[in-house]
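**Q** Pasting the sequence and the predicted model now:
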Amino acid sequence: MNLDDLRRARKAAADKMKLAADKLSELDGAESPDETALAAAQTEFDGAETEFQAADKKVKRAEAVEAAQSAAATGDAQQPGTPAAPTGSVPAQAQNPEHQGVEVGFMALALAASRGDKDRAVAMLEREGHSGIGATLDSTTESAGGVLVPRPLASQIITLLRPRVVVRKAGARTVPMSAGELRHAKQTGGATASYGGEIDPIVESEPSFDKIDTKLKKLSSLVPVSNTLLMRATLGGAQMIRDDMLKVMALREDLAFLRNDGSGDLPKGLRYWAPVANWDAGPVAATAMAADTALRRCIALVEDANVSMTSGGWIMRASAKAFLSSLRDANGNTLYPEIERAGTLKGFPVYTTSQVPNNLGAGSNETEIYFADFAEMMIGEGGDLRLAQSTEASFVDTSGDTQSAFQRDLTLFRAIAEHDFAPEHDEAIAGFNAADWSLQAA
């Protein structure tokens, strides 16, 4: 069991302990307690407490091991004249920002070249001069034919996703979900205040609350790489694998955090978190007046909900952004000059992605425009990244055709991450459908 599995087991033991305690309190509070039932309930509670203590001990032991492994694998051997490597549990940082997360690419290369044999992969990395990465790989946990990338390195990959995934780039907050699930309370109704006379009774009120539950969803990415590239563990090859992995993960995350409906094993995206009253299915026409009214309405809906507007922003297709940039008023002046000048629209930054569709609606000519305070958006991260590779597996390409990795002399890399998405307050999201919002349509 990995650390997250142990934490989930500890939480289950804690829940069991609470149920036993509640049952014991209920029996103890009866007018005429049943001594036999009390004794049985006490035995059940004692057993649950013992189970929790054992689970807690396992978690603490695993956390100590992970901290020790992280401290031991702080990078390659120190070169003469360079500062001493940092100590403690902080992972080594790449001197060149472009090399951040490249250790994961080196691990994947070495594992592929050694056909998944971790010991041979470690030896290869040390032979190629990457002893620090080899030490890190040596400390990893093997999982279902692959390896579990240490959290410090996995977190670097997650950090690199931020500029590639528009919801992350726009300011969505990342929160840890090490136990596999997270419950967050949100206030749905506030307490009230009122004026009154000196001896008038104060009107009683209290806020009301609801809950937001998030559970980890599995994101899998497949990256086919030519075996010619795997002959040596080079920096260029490692960067290519890292970048390909990031590219496919980013594209799928964009789609999930924007438009997935939350059914089955999918996260629920902005489109389906948005309250019905905050989304205009329109569609909004491709005129300056209709566009300006729809944009103003989005901002007003969010601001009127008392949202703090810490990180307000727009998400749309690049073609929709170009369309808005081309709009002119009755005098021929550019309606939104700030788009070209500062990349903003009505004072808020614009983020573009091709994962927003442009073929919606009966005429297949509609797209979607999103507005939100992204400081209210939460991405729950599991924190782990699992890597596996195969030279014999088959995969389905983007055209829907089945390809054989063996026949094409490829190695197929699989990376699995876990996360979920939810807003702290769904009133912070608004948007609308728009028809013919592109220069091609114009």
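**A** Great, that's in hand. Numbering: from 1, shown residues only.
**Q** Report the helix or strand with the lowest average pLDDT across this protein.
**A** Least confident element among the helices and strands of the chain, by mean pLDDT, DSSP states H and E: strand 181-189 (a mean of 53).
**Q** any idea where the strands of the stretch 201-350 of the chain begin and end?
**A** Using DSSP state E, counting those that start in this stretch, the strands of the stretch 201-350 of the chain run over residues 208-215, 217-226, 279-284, 312-316, 344-345, 348-352.
**Q** Same list, those strands, but as JSON lines with distance to residue 363 please.
**A** Quick note: C-beta positions are derived from backbone N, CA and C, even for glycine. Shown next, in JSON lines, are the strands of the stretch 201-350 of the chain (distance: least, Cβ to Cβ, whole Å):
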{"stretch": "strand 208-215", "distance to residue 363": "36"}
{"stretch": "strand 217-226", "distance to residue 363": "33"}
{"stretch": "strand 279-284", "distance to residue 363": "9"}
{"stretch": "strand 312-316", "distance to residue 363": "19"}
{"stretch": "strand 344-345", "distance to residue 363": "25"}
{"stretch": "strand 348-352", "distance to residue 363": "23"}
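**Q** and of those strands, who's closest to residue 161?
**A** strand 217-226 (10.5 Å; Cβ to Cβ).
**Q** tell me which strands and helices that closest one is in contact with?
**A** When contacts are defined as 3 or more Cβ pairs under 8 Å, 6 or more residues apart in numbering; DSSP states H and E, strand 217-226 sits against helix 235-259, strand 410-423.
**Q** how about those in a markdown table, adding distance to residue 56 and mean pLDDT?
**A** Output for the helices and strands packed on strand 217-226, formatted as a markdown table (distance: least, Cβ to Cβ, whole Å; pLDDT from 0 to 100):
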| stretch | distance to residue 56 | mean pLDDT |
| --- | --- | --- |
| helix 235-259 | 34 | 81 |
| strand 410-423 | 23 | 84 |
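**Q** Could you say which one of these comes nearest to residue 124?
**A** Residue 124 lies closest to helix 235-259 among these, at 12.6 Å (Cβ to Cβ).
**Q** Tell me how far the closest residue to residue 216 other than its chain neighbours lies from residue 322.
**A** Once flanking residues are discounted, residue 216 sits nearest to residue 418: 4.0 Å by Cβ to Cβ, 6 or more residues apart in numbering. Applying Cβ to Cβ, to the nearest Å, the value for residue 418 to residue 322 is 36 Å.
**Q** Past the longest helix anywhere in the chain, which element shows up next along the chain?
**A** Taking DSSP state H as the criterion, the chain has its longest helix at helix 35-72. The helix or strand immediately downstream of helix 35-72 is helix 102-113, counting by DSSP states H and E.
**Q** so what does that next one touch, helix or strand wise?
**A** With contacts taken as 3+ Cβ pairs under 8 Å, 6+ apart, helix 102-113 sits against helix 118-127, helix 131-138, strand 146-149, helix 151-161, helix 235-259, strand 377-390, strand 410-423.
**Q** Turn these into JSON lines, columns for distance to residue 215.
**A** Conversion of the helices and strands packed on helix 102-113 to JSON lines gives the following (distance: least, Cβ to Cβ, whole Å):
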{"stretch": "helix 118-127", "distance to residue 215": "31"}
{"stretch": "helix 131-138", "distance to residue 215": "30"}
{"stretch": "strand 146-149", "distance to residue 215": "20"}
{"stretch": "helix 151-161", "distance to residue 215": "18"}
{"stretch": "helix 235-259", "distance to residue 215": "14"}
{"stretch": "strand 377-390", "distance to residue 215": "8"}
{"stretch": "strand 410-423", "distance to residue 215": "6"}
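**Q** got the contact list for residue 166?
**A** Applying Cβ atoms under 8 Å, 6 or more residues apart in numbering to residue 166 gives the contacts 254, 258, 315, 351, 352, 353, 355.
**Q** Dump those residues into JSON lines; add neighbour count as well.
**A** Below are the contacts of residue 166 laid out as JSON lines (neighbours: other Cβ atoms under 10 Å):
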{"residue": "254", "neighbour count": "22"}
{"residue": "258", "neighbour count": "22"}
{"residue": "315", "neighbour count": "27"}
{"residue": "351", "neighbour count": "20"}
{"residue": "352", "neighbour count": "17"}
{"residue": "353", "neighbour count": "19"}
{"residue": "355", "neighbour count": "20"}
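**Q** With respect to pLDDT, which of those ranks lowest?
**A** Among the contacts of residue 166, residue 254 carries the weakest pLDDT, at 86.
**Q** residue contacts, that one?
**A** Neighbour list for residue 254: 165, 166, 167, 353, 355 [criterion: Cβ under 8 Å, 6+ apart].
**Q** Without its sequence neighbours, what residue ends up closest to it?
**A** Using Cβ to Cβ, 6+ apart and skipping residues adjacent in sequence, the residue nearest residue 254 is residue 355, 3.9 Å away.
**Q** hang on, the earlier thing: between the helices and strands packed on helix 102-113, which gets nearest to residue 49?
**A** Set against residue 49 and scored by Cβ to Cβ, the helices and strands packed on helix 102-113 come closest in strand 377-390, at 28.4 Å.
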